[in-house]
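K.L.:
Below are the sequence and a predicted model; questions follow.
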Amino acid sequence: MSGYHHWVLLTLVMAAFPSLLRLPPWVAGIALAGGVLHYAGPWRKGWYGRAAGALLLAATAVAIWFSFESWFSGDAVLSFFIVVVFLKWGEAQTRRDYLLLIFAAVILAAVGTLYWENLLNLLHMLAVVFLLTASLVAIHIDDRRSNVFFLIRRSGLLFGLGLPLMLLLFLTFPRIPGPLWDLGLAFGLPVKAMMDRGAGEFGKVKSLQPGGIHRASQEKESVLVAEFEGAVPSKSRLYWRGPVFWDYDGESWKLPDGWDNRTNLRRRAIRTKTRLDRELHFRKDPVRYTLRVMPNGGRWLYGLDVPAAPAPEAFISDEYQLLSIRQIDDQEPKFEMLSYLEYAAGVELTPEQRARGLSWPENTNPRLRALGRELAQRHRNADDILHQALSLLADGTYRFDSGYIVPPGKDSLDRFFFDEKKGGAEYLAGSFVMLMRAAGVPARMVSGYRGGTIIALTNFVIVKRADAHAWVEVWQDGKGWSRVEPKDIVLPLEVKNPEQQADKNKESAVKMEVKKTAEAPPVKGPDKTDKAGKPAPVKREEGWKLPSISSLLGGLQKWVIRYDPDRQMEVLKGVGLKEGNWLDLLIGGAAGVLSLLGIYLSAAWWRGRRRVDRVAETWLRFCRRLERLGLKKTGQECPRDYLLRVSREQPELAAAAEDIIVRYIDIRYGEDGSTEAAALFRRQVQRFISMT
Amino acid sequence: MWLWIRGMGLRQRIADLLKKPVSLQAFRPGTGRVRTRLTPSGWGFVGLILCGFLMAVNFSNNLIFAMTALLVSIALVGWYHTRVNLSGLAFADWRAAPVFAGQKAIWRLTVENRRQHGRHGLRAVSAEAAGAGERHLAGGEQGEMTLQRQAVARGLIKPALAHVGSCFPLGIFEARLVTRGLPECLVYPRPEGPQPIPDQAAGRQAHLLSESGTYTDMRRYTPGDPLSRVSWKAFARFDELYTKEFDGAQGRPALWLRWDDVRACGVEQKLSQLCRWVLDAHGRNREYGLELPGTKIDPAGEETHLRRCLQALALYGETEQKA
């Protein structure tokens, strides 16, 4: 038995190492005991050996029972897996057993990666794969030759040649955003079949509390699946319209009582096409899509802002939401829909509506109110007020931080707007609505979802509760309701995506422009370049002065761990492709891999091209030359006969050919097998070839 | 090409193209060609890659993705290493010598590594015969691969396909160098039987040329002459080989080994007995003739005669069917 089982053991220990550190110590203990069984010799095959294995398994079960809350929690499964793998090592005998074990080791390493995602783990992964290669080579090498240096050199060669290929594959292979059950959802699998199906009650919520959006974004439930006709619009332009809030009580936003009783709803429905056309007097960018809404316990169908077509068992309300006639408890409504991404809606505001759109809970948020009044005094025009308010938000001190909750209490919007200056969408949208109201512009808050996940290679978009969002609608006389998105104007949280700013640092030209536009009246729109406008100069000084190891690691982190589809597209554009899609990626990647392999193959050919037997090689060269001179050597002709024929047919070559052929016969069949004779023979052939 | 297609009805042209027999010669396994395929453990490796890919997608985990990419790359590199390990090996034909039933039939193949790099884990594979372990060939080395099989019954072992394979280095791909097929191998009957040789004269005296008698002549040596007949004195003198010739000896009478004389029952037993007789007679240096139903070989005493007799015994019954 050769020593390959020790390579397998090394692979296993290496793969399990990070998990063993994290899991309770009994896992390592049982694994060790199981591994030691391997050395028990013939004893292991007897019944005591089996009993010991069974005992260890039972101990594992008991320990899992005591250590983890559930049999099927991730850690419990992982612990069990580790124990089983090491027990298997204890009894492994055949080649196949060991192969199975190293494959299991790789899976183990992959699972370990899930809990521990950083650069050390990258190194760990590389080490495990190297050991896998070495184990595979060790298993398949012939025993007599298996010295360690040869083995390490061989597997190192495989590994080293594989690295560039890996890089190429890693960079170019199209990323499919997970999780995989989303794919099933997109292709019609009912949500009931999903593993992580939630309560499906979120549609019953009638108020929006501070931090509510952040709480929703922790959920993984799917809200809807939309299949677009043609290309999917930019994700930042997808607003899925849900509840519209008018009423703020100083703490949270509420829907009026009884808003969803039947008579109310019937009264508010926009029934005729002419009325809809009148209401949506400005509309642009139509998109057609098929909507499939998951059960949410409410009436919300979350049409894309703003829906403009009738649907079965559904209607469009006067707040331009798409509502179902029946509550969506169990069924999954599916219908085709038409929406306009850009719009201005509404003809006139009734006095009652205007009052609601300007209402202010007494004795709350005085500073915001004062600011609004000041704005109103300085600017006549609603447009100017809007721009002024937006430029306040764009001054670079506000941060979008969906997880931050302003300490609850009185005047929370005041404290957000003037003191904390960071918070989630509900603070941002809420304070903006109130600011507008204070300035005399009717405004309301719309909640729903923004964006979604595009499922790779398809036109499907899945919207999850994690995409929850809130935005603002303001009323301008003569123009109607229009959407304002404060989120795009404030800065995203720094820590969340430092790489984005690092990118901006490089493009100093762009930054200068951004600086200017920040002063100018901000343009409302989803994708602006000024996300990282202000703090860039500060960052740059730090970034360029200290090219340390930590920044190198940061770069690696950026390129390996945070490498996502967007960055992939960026790279593609950097290479020179204008409009990258997954097909280009796939073709490019395949072409790259093939060309690399081609280089490897030609290198191998080049190295193997030289024959060991130089005399035979030279002789063949000589024969080829004579063939070109019209004297092809036939297979059955011995060198002497060949010489005779050469002298007969081309006497002028006879002398030179005789010299060479006699030498050849001497080397091959005579006594003179020395290297000098071979060298002389080669020289003579060389001369012959240059002469003729 | 396109113009040519448009010249006639496009549909007609395409139909013609489709009807044309496509030569699959390029894909057939010719001798000397290296083909690679996945081994069972290679399928396991594919499963591993698939598993890694699904995990990477499901958890959107780039590290697992990188690992999967690395596994794929190593498999690709291993693929061409496996190929390179076998390509460019020179080999001759398989050879096999006749054996007696109960012995092992052995096929031998001379393989030569004409390149500088060593070849690892070479083994001969055939569906009909067992290989004999793995071999390593250093640069420029020549080696012999063997395949063997227990010869159970007399007759012909049918020709079979064979190849030289190697799983080196990773074992997830197997490269196959297709060699020429194993030639058929003659299996003589097992020489056994209790009956002694019947001492029946064949009616005439045997003339044993191999025995010395009176010196008659000297002639030039030809390959195959027994060395004991070479005139070494003449060699010392003339530096050329000469063979002495004798008029032979008047040996004992030739034997007739007859089918009908065998007392054993059953065809195979009879053939075994005859085989033993043939070998015994040859060993005693006597001339003998063989008489089988339908076949008669006149008495003689050389090596070729022995082979002819044994072949007749081995193929008894089969040749009849062929005829």
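P.N.:
It's in. Just so you know, these numbers come straight off a predicted model, no measurement behind them. Residues are numbered from 1 along each chain as shown, chains lettered A, B, ... in the order given.
K.L.:
what ranges do the strands span in the stretch 151-300 of chain A?
P.N.:
If DSSP state E, counting those that start in this stretch is used as the criterion, the strands of the stretch 151-300 of chain A fall at A:207-208, A:222-228, A:239-245, A:247-248, A:253-254, A:269-270, A:282-293.
K.L.:
Quick one: closest of those to chain B.
P.N.:
Between chain B and these, the shortest gap by Cβ to the nearest Cβ is with strand A:222-228, which sits at 15.3 Å. Just so you know, the C-beta spots here come from the backbone N, C-alpha and C atoms, and that holds for glycine as well.
K.L.:
So what touches the closest one?
P.N.:
A:182, A:185-186, A:191, A:194, A:240, A:287-294, A:296, A:302, A:304, A:449, A:452, A:458-465, A:467 (Cβ atoms under 8 Å, 6 or more residues apart in numbering or on different chains).
K.L.:
Show me what that strand pairs with in its sheet, parallel or antiparallel.
P.N.:
Sheet partners assigned to strand A:222-228 using DSSP bridges are listed as strand A:282-293 (antiparallel), strand A:460-464 (antiparallel).
K.L.:
ok now the shortest one, how far from the chain's centre?
P.N.:
Going by Cα atoms, centre = their mean, to the nearest Å, the spacing between the C-alpha centre of strand A:460-464 and its chain's C-alpha centre is 16 Å.
K.L.:
That strand - what's its average pLDDT?
P.N.:
Strand A:460-464 shows a mean pLDDT of 84 in the predicted model.
K.L.:
by contact count, what packs against the helix or strand following it?
P.N.:
Counting by DSSP states H and E, the element after strand A:460-464 in chain order, helix or strand, is strand A:468-476. Contacts defined by 3 or more Cβ pairs under 8 Å, 6 or more residues apart in numbering or on different chains; DSSP states H and E place strand A:468-476 against helix A:212-217, strand A:239-245, helix A:382-393, helix A:425-438, strand A:443-450, strand A:480-484.
K.L.:
tilt between strand A:468-476 and helix A:425-438?
P.N.:
For the pair strand A:468-476 and helix A:425-438, the angle between their directions (axes from the mean of the first three to the mean of the last three Cα atoms, to 10 degrees) equals 10 degrees.
K.L.:
average pLDDT across strand A:468-476?
P.N.:
Per-residue pLDDT values across strand A:468-476 average out to 89.
K.L.:
which bits of the stretch 401-550 of chain A sit near chain B?
P.N.:
Nowhere does the stretch 401-550 of chain A come near chain B, counting by Cβ under 8 Å from any Cβ of the partner chain.
K.L.:
Any regions of the stretch 401-550 of chain A where pLDDT drops low?
P.N.:
Along the stretch 401-550 of chain A, segments meeting pLDDT under 70 span A:456-457, A:493-550.
K.L.:
switch the cut-off to 50
P.N.:
In the prediction, the stretch 401-550 of chain A carries residues with pLDDT under 50 at positions A:495-547.
K.L.:
Which secondary structure elements does the strand or helix carrying A:A657 sit against?
P.N.:
For A:A657, the element it lies in under DSSP H and E is helix A:651-669. Judged by 3+ Cβ pairs under 8 Å, 6+ apart, helix A:651-669 is in contact with helix A:614-628, helix A:639-649, helix A:675-691.
K.L.:
hmm, who's touching the second one?
P.N.:
Residues external to helix A:639-649 that are found in contact with it (Cβ under 8 Å, 6+ apart): A:626, A:630-631, A:633, A:637, A:653-654, A:657-658, A:661-662, A:664-665, A:668.
K.L.:
Which pair of those residues spans the longest distance?
P.N.:
Across those, the longest distance by Cβ to Cβ is 24.8 Å; it joins A:G630 and A:R668.
K.L.:
hmm, back to that, write a ChimeraX command that selects only the buried members of the contacts of strand A:222-228.
P.N.:
Buried residues within the contacts of strand A:222-228, by 16 or more other Cβ atoms under 10 Å in any protein chain shown, are selected in ChimeraX with:
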select /A:182,185,186,191,194,240,287,289,291,292,293,294,296,302,304,449,452,459,460,461,462,463,464,465,467
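K.L.:
before we move on, back to that, which positions within the helix holding A:A657 qualify as buried?
P.N.:
Burial within helix A:651-669, assessed by neighbour count using 16+ other Cβ under 10 Å, is assigned to A:653, A:656-657, A:660-661, A:663-664, A:667.
K.L.:
nearest to B:M145, of the strands of the stretch 151-300 of chain A?
P.N.:
For B:M145, the closest of the strands of the stretch 151-300 of chain A is strand A:222-228, at 60.7 Å, according to Cβ to Cβ.
K.L.:
Off-centre distance for that closest one?
P.N.:
Relative to its chain's centre, strand A:222-228 lies at 20 Å (Cα atoms, centre = their mean).
K.L.:
average pLDDT for it?
P.N.:
In this model, strand A:222-228 has an average pLDDT of 84.
K.L.:
got it, and stretch A:360-379?
P.N.:
The predicted model assigns stretch A:360-379 a mean pLDDT of 86.
K.L.:
Going by distance to chain B, which of the buried residues of helix A:651-669 wins?
P.N.:
Of the buried residues of helix A:651-669, the one sitting nearest to chain B (Cβ to the nearest Cβ) turns out to be A:I667, at 15.9 Å.
K.L.:
Report the contact partners of the closest one.
P.N.:
Shown here is A:I667, whose contacts under the criterion Cβ under 8 Å, 6+ apart are A:615, A:673, A:677-678, A:681.
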